[in-house]
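Chemist: Please work out how this folds:
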Amino acid sequence: MSDLTPDLLSRAELLLVPDVTLTPDGPVAGHAVVVRDGVFADAGPAERIVRAYPALTPIRLPHHVLMPGFVDTHHHLTQSFGGSLAFGEPSEIFRRVWVPLEGALDEESAYVAAKLAALESLRGGFTTVAEAGTRAAVDVDVVASAARDAGIRCVLGLVCNDTSDGTGPDADPGAVLAAAEKHLARYAGDDLVHASLAVSVPEAATGRTLAATARLAAEAGAVVQIHANEHLVAVERSLVRHGLRPLEYLRHVGALGPQLLVAHATLLTASEITLLADSGTAVSYNPVASAWKGNAVAPATVFAERGIRFGLGTDGTRGDGFRLADAAEFAQRLTYGLTAGDSSCGAGWTWLDRASAGGADAAGLGRLTGRIAAGAAADFLLADIGGPEMQPSWDLPWELTRRGNRDQLTAVFVAGRLRLWRGGPVGWDGAALVRRAAELAPRVVGRAGVTRAHPTSVVARERAATSVVARERAAAQGLSAEGGRDAGTAAVGTLGGRR
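Modeler: Sure, this is the predicted structure:
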């Protein structure tokens, strides 16, 4: 492996011979692939491949697995400047954190934020991200340019809201749908950017617009991305307004179907699960988001059993595909497996599959990417499995799910091109981008007026220490420390100097 270099992997045609290839049928030893013109020109037994392509020099990859790139089925690329501002916060933080933050972005900061998120995703093994639609007041092509320049495949959502969901004024439905049609046509033939439509939540669009976006997307072979059944308060609002739960309402207006990608779907009745199964609607299962700010965990093992299409999404939490697969299995085991005595919870391979082929299908790219097979886009990873995490190896899918880490990634390819080498981008300056993001982020947050319900961890620790000292003093004086307002429960208010 000492002879393996970025230049070697940047040739126009590659014949790669890893120790193991993660095929649609599972891990296989003794396989090889040919990469040409952005796709896998061939894949199969190494002896046949090497014999069939005598003009190509085989590149041996000992101690490496060649596997499909991860697909993030739910991301918010322009929210990367927020980071830990959302940590420790209650549900529906989009109203207090994300909408103000994105509203404070200008063209440069939106581009830098999106490219920063794309770089993190590449570093975590993601070759495709589904961008759920920015609310930044910039041309969405800014986000497309950031993804393209970073070298990641992007399912790019255009927000099609036409009613106020508490975060802005109503819009003209005719203008919204005209913009949707233009967006769907805008990226036809683009190598990396794939147009998608998006509605923030069901209540953010009229029933007619929900149905119309579903029709437009279906005709274009695209998807509509929408957050639904994520938080208790949203489910209750739907019941009060329509007498129907969110998924029931989407079915009522004609929006359910194979073109719909529902983010989260954590709060589901048995009948809503049947709605998903019968309609062909896809789901983004976002386990880390559930752990960090959700009300529940989606019943993903039930999805798998019922044949419901679903992939894995980060929701912009952290861009590490291996940790996402681990979280997917871990969340199922804690919430459903323990009570049912299910010690397998998908048997490891389920989560690798949903992080790649299943995710590609959910995002509308199932025919294009997500698998190592002739004719598929060459979106793949070279992961080093020679270290102590994977050796000795007894069950590679389980090991990749529970012990895999982005530090093991030697190379990340998208559309047949080397995009990341040992954690760094190829062909552009990642460090300069990070420095610029560090300069811009405080300015954006400062003018956004982000409102938090809880203090930062540093302030919370200081308040906790102050409370302890106060109790100790009160005890020493024989007084009660109760009855006063606990400083640790005071609302933090708004970051950026505005309330």
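
Chemist: When you work out contacts or count neighbours from here on, use the C-alpha atoms and nothing else.
Modeler: Fine.

Chemist: I figured His227 hits Val262, correct?
Modeler: Yes - in this structure His227 lies within contact range of Val262 using Cα atoms under 8 Å: 5.8 Å.

Chemist: if you count what's nearby, which of these two comes out ahead?
Modeler: For His227 and Val262, the more surrounded residue by other Cα atoms under 10 Å is Val262, and the numbers stand at 27 against 21.

Chemist: for Ala363, what are its contacts?
Modeler: Ala363 is in contact with 73, 130, 155, 223, 261, counting by Cα atoms under 8 Å, 6 or more residues apart in numbering.

Chemist: what about Val140, how many neighbours?
Modeler: Val140: 20 neighbours (other Cα under 10 Å).

Chemist: how far away is it from Leu197?
Modeler: As judged by Cα to Cα, to the nearest Å, Val140 and Leu197 stand 12 Å apart.

Chemist: same thing with Val33?
Modeler: According to Cα to Cα, Val33 and Leu197 sit 35 Å apart.

Chemist: do Arg435 as well
Modeler: As judged by Cα to Cα, Arg435 and Leu197 stand 32 Å apart.

Chemist: Looking at the two, which is more packed in?
Modeler: More crowded of Arg435 and Leu197, by other Cα under 10 Å: Leu197, with 28 against 10.

Chemist: Any idea what the more buried one is bridged to?
Modeler: Leu158, Val224 (DSSP bridges).

Chemist: pretty sure it is touching Gln225, no?
Modeler: Yes - taking Cα under 8 Å as the definition, Leu197 is a contact partner of Gln225 at 6.3 Å.

Chemist: list the residues that contact both of the two?
Modeler: Common neighbours of Leu197 and Gln225 (Cα under 8 Å, 6+ apart) are Gly157.

Chemist: Helices of the stretch 301-450 of the chain, residue ranges please.
Modeler: With DSSP state H, counting those that start in this stretch as the criterion, the stretch 301-450 of the chain has helices at 321-332, 338-340, 349-354, 357-362, 396-403, 430-448.

Chemist: Just send those helices back as JSON lines, with distance to Ser271 and mean pLDDT too.
Modeler: Shown next, in JSON lines, are the helices of the stretch 301-450 of the chain (distance: least, Cα to Cα, whole Å; pLDDT from 0 to 100):
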{"stretch": "helix 321-332", "distance to Ser271": "20", "mean pLDDT": "97"}
{"stretch": "helix 338-340", "distance to Ser271": "21", "mean pLDDT": "94"}
{"stretch": "helix 349-354", "distance to Ser271": "23", "mean pLDDT": "97"}
{"stretch": "helix 357-362", "distance to Ser271": "21", "mean pLDDT": "98"}
{"stretch": "helix 396-403", "distance to Ser271": "31", "mean pLDDT": "96"}
{"stretch": "helix 430-448", "distance to Ser271": "41", "mean pLDDT": "96"}
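
Chemist: What separation do you get for the residue lying closest to Arg123 once chain neighbours are set aside and Ala377?
Modeler: Excluding the flanking residues, the one nearest Arg123 by Cα to Cα, 6 or more residues apart in numbering is Gly423, at 5.5 Å. Distance of Gly423 to Ala377, computed by Cα to Cα: 22 Å.

Chemist: neighbour count winner among the two?
Modeler: The residue with more neighbours, out of Gly423 and Ala377, is Ala377; 25 against 21, by other Cα under 10 Å.

Chemist: my read: the more buried one touches Leu365, true?
Modeler: No - in this structure Ala377 lies outside contact range of Leu365 using Cα under 8 Å: 10.1 Å.

Chemist: Leaving out sequence neighbours, find the closest residue to Gly124.
Modeler: Using Cα to Cα, 6+ apart, the nearest residue to Gly124 is Asp320, at 3.9 Å.

Chemist: Asn161 reaches Gly174, doesn't it?
Modeler: No - assessed by Cα under 8 Å, Asn161 is found out of contact with Gly174, at 11.4 Å.
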